[in-house]
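Asks: Only the shape, not the letters, is given here:
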């Protein structure tokens, strides 16, 4: 085995986004593309000499090949050990758990999250730091800077490692430890929830459906739900991870998890339904005949957290991304704990969690988690709901109704305009930004703008500042619209419009959200000129 130094030159477009570098699979498969980025990553973190890394992914197309390349590059760069998930698999929350449990220096996660997989679809590489959380901007900026100056990469000429057999082998001087991808995460999870109570819930005849969408959570959900908790065989469907996710879109929302939605709204619906995304960090929650928005889910979990053993001591605080509805704010106020509002991106929760300022965190984009790891965790949210259901023994719909009666209901919806020409989307945002000073006091669709700004975040732990994190238009205390461009796609731009209205009257808690938000939707469209800029009469997706 010899180390080969390969001359190379910078490749344009290797700037990581909020969740690593995501590009089309064919782009990553181009000669030198993956190698350039990985070497730049190694260089940007001060090299690998003597370090331990965790490596795994969601099993999408090119996962295995990329893992072998990264192993050989890690060996050539002097790493002491790489801990890899068997089969090249590790969910994103499990990778975070392994990094923390094993004291690793960081980890590389191979995933494009909720984006489709396959030769003609998407691939991604993300670096997580020693805390188990996503790399902060200082690290990703250093990686990008290195991609612009790279002149060579190093790789070991060696046979592929057998990633399908657990145990430790050598790759040159580097140890490769292949582990059960579920074990460390499961051991952690069992300390947080009342497993006996949940098992008793299933023994009582409680029925559930979990759709793994042929993504990485299949083995995890099967192990804990059907194995540890005794749910009937078949509770977990689409449980085998496939390189193309079975031709589906591994995004747990009403549009892409349509089969689960139809089952949960059918006459034979089970009591509880859930789904997770490609890499296992997002979740969707359903009851019989009811869909729980991610914002409501976060609020309900915060209000009921003390029912789970891991959280009986109370919450230090909660945190949500700015576009997420203010439902959890109302719970925090009732509990007398802080509620932190951050930019979109789980990395912004890391400092709050590390400093003990927050215990639960959530995003409207179907991400929820706690301080047990430094990533959002789809199955954690599912198990927290199961713990609540096991203790309260009430249907999901009743728990929601009771929550709204106590705290009020925040009607909420996100409208996505996908695959938009980037110039058009940017023009809309820049136009709004330029008009912010003149918007307060103006009217649209019968609503008066009370405030408008471009969200700026100052981290309460380290004082770091994040600018231009979304345009906020407020209509008094009860309603708002938020506009931002998404950074998680691989082609075109996605304009996301977040719409919210608070309703305190329980007699009005049963409205259709789109109807309840009609004036806010109209006002947002009028103020931003959505039809004029987008050239579309309606969004592509409503959630």
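Replies: Arrived safely. Bear in mind that the values here come from a model prediction, so they are computed numbers and not experimental data.
Asks: bridging residues for residue 444?
Replies: Counting by DSSP bridges, residue 444 is bridged to residue 447.
Asks: I'd say residue 496 and residue 413 touch.
Replies: No - Residue 496 is beyond contact range of residue 413, at 11.0 Å (criterion: CB atoms under 8 Å). The way it works is simple: take the backbone N, C-alpha and C, and place the C-beta from them, glycine included.
Asks: Partner strands of the helix or strand of the chain with the lowest mean pLDDT, with direction?
Replies: Ranked by mean pLDDT, DSSP states H and E, the weakest helix or strand in the chain is strand 541-542, scoring a mean of 84. Counting by DSSP bridges, the strands paired with strand 541-542 are strand 409-420 (antiparallel).
Asks: how about low-confidence regions in the stretch 351-500 of the chain?
Replies: Across the stretch 351-500 of the chain, the ranges flagged by pLDDT under 70 are 487-491.
Asks: Okay, strands next: where are they in the stretch 301-450 of the chain?
Replies: With DSSP state E, counting those that start in this stretch as the criterion, the stretch 301-450 of the chain has strands at 318-321, 339-342, 360-363, 367-370, 409-420, 443-444, 447-448.
Asks: which stretch among those strands comes nearest residue 117?
Replies: Closest of the strands of the stretch 301-450 of the chain to residue 117 is strand 409-420, at 17.7 Å (criterion: CB to CB).
Asks: Please state the offset of the closest one from the chain centre?
Replies: Remark: strand 409-420 is offset 17 Å from the chain centroid, using CA atoms, centre = their mean, to the nearest Å.
Asks: Then stretch 432-449?
Replies: That offset, for stretch 432-449, works out to 32 Å (CA atoms, centre = their mean).
Asks: ok, and what's touching that stretch?
Replies: Defining contact as CB atoms under 8 Å, 6 or more residues apart in numbering, one finds that stretch 432-449 is touched by 450-454, 468, 471, 473-476, 479, 483, 519-520, 522-523, 526-528.
Asks: how's this protein carved up into domains?
Replies: What automatic domain parsing lists as the domains of the chain is 2-181, 186-407, 409-542.
Asks: Run through the strands of the stretch 151-300 of the chain in chain order.
Replies: Assigned by DSSP E, counting those that start in this stretch, the strands in the stretch 151-300 of the chain fall at 152-157, 167-171, 174-179, 208-211, 236-237, 272-276, 283-287, 290-292.
Asks: out of these, which comes closest to residue 14?
Replies: Sorting the strands of the stretch 151-300 of the chain by CB to CB, the top spot, which is the nearest, belongs to strand 152-157 at 12.7 Å.
Asks: list the helices and strands that closest one packs on?
Replies: Packing partners of strand 152-157 (3 or more CB pairs under 8 Å, 6 or more residues apart in numbering; DSSP states H and E): strand 2-7, helix 33-44, helix 63-76.
Asks: in the first one, what's buried?
Replies: Residues of strand 2-7 classed as buried: residue 3 (neighbour count, 16 or more other CB atoms under 10 Å).
Asks: going forward, begin numbering at 630 instead of 1
Replies: In the new numbering, first residue 630, that becomes strand 631-636.
Asks: so after it, what's the next helix or strand?
Replies: strand 650-653 (DSSP states H and E).
Asks: Give me the mean pLDDT for that following strand.
Replies: The average of the pLDDT scores along strand 650-653 is 96.
Asks: What helices and strands are in contact with the helix or strand following it?
Replies: Sequence order places helix 654-657 as the next helix or strand after strand 650-653, per DSSP H and E. In terms of contacts (3+ CB pairs under 8 Å, 6+ apart), helix 654-657 is packed against strand 751-757.
Asks: quick one, the strand it packs on and helix 662-673 angle?
Replies: Angle, strand 751-757 to helix 662-673, by axes from the mean of the first three to the mean of the last three CA atoms, to 10 degrees: 10 degrees.
Asks: Now do the end-to-end distance for stretch 901-910.
Replies: Terminal residues of stretch 901-910 lie 19 Å apart, using CA to CA, to the nearest Å.
Asks: Could you list the buried residues of it?
Replies: By 16+ other CB under 10 Å, the buried positions in stretch 901-910 come out as 901-910.
Asks: what bits of the protein have low per-residue confidence?
Replies: The chain contains residues with pLDDT under 70 at 647, 1116-1120.
Asks: Just give me the neighbour total for the spatially closest residue to residue 695 that is not a sequence neighbour.
Replies: Spatially, and ignoring its direct neighbours in sequence, residue 695 is nearest to residue 739 (5.4 Å; CB to CB, 6 or more residues apart in numbering). Residue 739 has 29 neighbours, counted by other CB atoms under 10 Å.
Asks: which residues does residue 739 bridge with?
Replies: Counting by DSSP bridges, the residues bridging with residue 739 are residue 686, residue 754.
Asks: how about the helices in the stretch 980-1129 of the chain?
Replies: Ranges of helices within the stretch 980-1129 of the chain are 1007-1021, 1025-1036, 1051-1064, based on DSSP state H, counting those that start in this stretch.
Asks: where's the closest residue to residue 979 other than its chain neighbours relative to residue 1090, distance?
Replies: Take residue 979 and drop its neighbours on the chain: the residue closest to it by CB to CB, 6+ apart is residue 762, 3.9 Å away. Look at residue 762 and residue 1090: by CB to CB, to the nearest Å, they are 13 Å apart.
Asks: Looking at the two, which is more packed in?
Replies: residue 762 (22 against 13).
Asks: contacting residues for residue 918?
Replies: When the contact criterion is CB under 8 Å, 6+ apart, the partners of residue 918 are 893-894, 898, 1026.
Asks: out of those, which are buried?
Replies: Buried residues within the contacts of residue 918, counting neighbours by 16+ other CB under 10 Å: 893, 898.
Asks: Of the contacts of residue 918, which belong to helices?
Replies: If you go by DSSP state H, these have 893, 1026 in helices.
Asks: and the spatially closest residue to residue 853 that is not a sequence neighbour, how many neighbours?
Replies: With sequence-adjacent residues excluded and distances taken as CB to CB, 6+ apart, residue 853 is closest to residue 815, at 6.1 Å. As a burial measure, residue 815 scores 18 neighbours (other CB under 10 Å).
Asks: Next: the one 4 residues further on.
Replies: Residue 819 is flanked by 13 other residues according to other CB under 10 Å.
Asks: what's the answer for residue 756, then?
Replies: For residue 756, using other CB under 10 Å, the count is 23.
Asks: tally of neighbours for the closest residue in space to it that isn't next to it in sequence?
Replies: Excluding the flanking residues, the one nearest residue 756 by CB to CB, 6+ apart is residue 764, at 4.7 Å. Using other CB under 10 Å, residue 764 has 23 other residues around it.
Asks: show me the residues around residue 764 that make contact.
Replies: Counted by CB under 8 Å, 6+ apart, residue 764 has contacts 645, 755-758, 772, 976.
Asks: what do you get if the cut-off is 7 Å, keeping everything else the same?
Replies: Residue 764 makes contact with 756-758, according to CB atoms under 7 Å, 6 or more residues apart in numbering.
Asks: gap between residue 991 and residue 929?
Replies: Taken as CB to CB, the span from residue 991 to residue 929 is 11 Å.
Asks: ah, wrong one, I meant residue 890
Replies: Residue 890 is 19 Å from residue 929, where distance means CB to CB.
Asks: contacting residues around the residue nearest to residue 695?
Replies: Per CB under 7 Å, 6+ apart, neighbours of residue 739: 686, 692, 695-696, 754.
Asks: and what of residue 686?
Replies: 692, 696, 717-719, 738-740.
Asks: rerun at 8 Å
Replies: Contact analysis of residue 686 by CB under 8 Å, 6+ apart lists 692, 695-696, 714, 717-719, 738-740, 845, 908.
Asks: Now distance to residue 825 too, for those residues, in TSV please.
Replies: Shown next, in TSV, are the contacts of residue 686 (distance: CB to CB, whole Å):
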residue	distance to residue 825
692	36
695	41
696	38
714	29
717	34
718	29
719	28
738	33
739	36
740	33
845	27
908	30
